[in-house]
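> A structural model of the following input is requested.
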Amino acid sequence: MGPCYARVMARKAGHTLYRAPFLKRVSLLPERVAEPDAFPFSLPVLTWPSFEIDFTAPVTIFAGPNASGKSTLIEALAALCGFPLHGGNRNFAIGPQGRNALAEALRPSWFPKFTSGFFVRAEGFAALIAEIDRLAAEDPGYAADFLAEFGGRSGTERSHGEGYFHLFSRRIAGRGIYILDEPEAALSPIRQMEFLKIIHAAVQRGDAQFLIATHSPLIMAYPGATVLHLTRHGLVERPFRLTDHFAILSEFHRDPDAFMATLLLG
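Residues are numbered from 1 along each chain as shown. Coordinates of the predicted model:
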């Protein structure tokens, strides 16, 4: 059996020649950093100039406290994929587009390079729906593909969480990179469980890579995910059970009344 025939058979069998992760590594190039003391390079997580991430699993999760740089990092990774700053994909962007200083200082390593997929920020989802509605009013054909995700009607007719989940569940199809910033902000715990099932189906196909910034221990617990914790000492890989998020919620679940008494009464 020749190599060409084998490739055809692999496609017919539903397998992919290249399995995620497709984005293998990103590293900071010091020569591209004009002001190392200025934001975003002043963030402790960047540990300038030796910042580097190796992506070894289809799902990489970024955890850390507020203001640790999760959104900044995830936006830069989205920019490296060619996705717009405020969300969308290479064919559909919302909001004003500008340069991303961190992305411009990063060197990505791909095998192979893919720019299909999308970037979604939970806080920008309402803006995404509003932009779809605006485009549909001006040119129904331009936004038809996205309106189809909502059954041909405006996403504003659904709740925030239902709209987010419905769009997400319909758009993850085929090979691509999916970058999500705090998806739990729009999803109930039950929806987060269904969200993980969608991710798992894509991971099993081998044709999708996920980069997720989250505070949710439920999402962090996805089996086989690489969990990178953003700290003042840089990125630290640690099991989800060793994150502050999991420790706090575990303490709460052990004794909610005592937890609240300690929290509120000292």
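
> buried sites along stretch 207-227?
207-220, 222, 225-227 (16 or more other Cβ atoms under 10 Å). C-beta: built from backbone N, CA, C; applies to glycine.

> err, stretch 69-89, not the other one
Buried, per 16+ other Cβ under 10 Å, within stretch 69-89: 69-81, 83-89.

> so where's the stretch 101-250 of the chain uncertain?
122-137, 139-164, 167, 170-171, 173 (pLDDT under 70).

> quick one, helices of the stretch 1-150 of the chain?
3-12, 70-80, 101-104, 125-138, 144-147 (DSSP state H, counting those that start in this stretch).

> strands of the chain, start to end?
All strands of the chain, identified by DSSP state E, fall at 23-28, 52-54, 59-63, 88-89, 92-93, 106-110, 117-121, 176-181, 208-213, 226-231, 234-237.

> can I get those in TSV with distance to Leu264?
Below are the strands of the chain laid out as TSV (distance: least, Cβ to Cβ, whole Å):
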stretch	distance to Leu264
strand 23-28	42
strand 52-54	39
strand 59-63	26
strand 88-89	42
strand 92-93	44
strand 106-110	43
strand 117-121	32
strand 176-181	31
strand 208-213	29
strand 226-231	27
strand 234-237	31
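
> ok, and the closest non-adjacent residue to Gly224?
Nearest residue to Gly224, sequence neighbours excluded (Cβ to Cβ, 6 or more residues apart in numbering): Ala57, at 5.7 Å.

> ok, Val236 next?
Val236's closest residue in space is His229 (Cβ to Cβ, 6+ apart), at 4.8 Å.

> what of Leu43?
Gly69 (4.2 Å).

> enumerate every residue touching the one you found.
Gly69 sits next to 40, 43-46, 230 when contact means Cβ atoms under 8 Å, 6 or more residues apart in numbering.

> where is the longest helix in this protein?
Counting residues, the longest helix in the chain under DSSP state H turns out to be helix 189-205.

> now the angle from that one to strand 208-213?
Interaxial angle of helix 189-205 relative to strand 208-213 (axes from the mean of the first three to the mean of the last three Cα atoms, to 10 degrees): 140 degrees.

> helices or strands next to helix 189-205 in the packing?
helix 160-171, strand 208-213, helix 217-220 (3 or more Cβ pairs under 8 Å, 6 or more residues apart in numbering; DSSP states H and E).

> roughly how far does Val203 sit from Pro189?
21 Å (Cβ to Cβ, to the nearest Å).

> neighbour-wise, which of these two wins?
Val203 (21 against 9; other Cβ atoms under 10 Å).

> could you check how far that one is from Ala258?
38 Å.

> columns distance to Arg32 and neighbour count on top of the contacts of Gly69, output as JSON lines?
What follows is these, written out as JSON lines (distance: Cβ to Cβ, whole Å; neighbours: other Cβ atoms under 10 Å):
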{"residue": "Pro40", "distance to Arg32": "13", "neighbour count": "17"}
{"residue": "Leu43", "distance to Arg32": "16", "neighbour count": "19"}
{"residue": "Pro44", "distance to Arg32": "20", "neighbour count": "13"}
{"residue": "Val45", "distance to Arg32": "18", "neighbour count": "23"}
{"residue": "Leu46", "distance to Arg32": "13", "neighbour count": "22"}
{"residue": "Leu230", "distance to Arg32": "21", "neighbour count": "23"}
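
> need the residues you listed in a markdown table with distance to Phe62, can you?
Formatted as a markdown table, the contacts of Gly69 follow (distance: Cβ to Cβ, whole Å):
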| residue | distance to Phe62 |
| --- | --- |
| Pro40 | 14 |
| Leu43 | 13 |
| Pro44 | 14 |
| Val45 | 9 |
| Leu46 | 13 |
| Leu230 | 6 |
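
> closest to Phe195 among those residues?
Set against Phe195, the nearest of the contacts of Gly69 by Cβ to Cβ is Leu230 (21.9 Å).

> now stretch 184-204: buried residues?
184-187, 191-192, 195-196, 198-199, 202-203.

> just stretch 107-122 next, same as before
For stretch 107-122, by 16+ other Cβ under 10 Å, it's 108, 114, 116-122.

> as JSON lines, the residues you listed with distance to Glu138 would be great.
JSON lines is the format used below for these (distance: Cβ to Cβ, whole Å):
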{"residue": "Pro108", "distance to Glu138": "35"}
{"residue": "Phe114", "distance to Glu138": "31"}
{"residue": "Ser116", "distance to Glu138": "26"}
{"residue": "Gly117", "distance to Glu138": "26"}
{"residue": "Phe118", "distance to Glu138": "22"}
{"residue": "Phe119", "distance to Glu138": "23"}
{"residue": "Val120", "distance to Glu138": "23"}
{"residue": "Arg121", "distance to Glu138": "24"}
{"residue": "Ala122", "distance to Glu138": "26"}
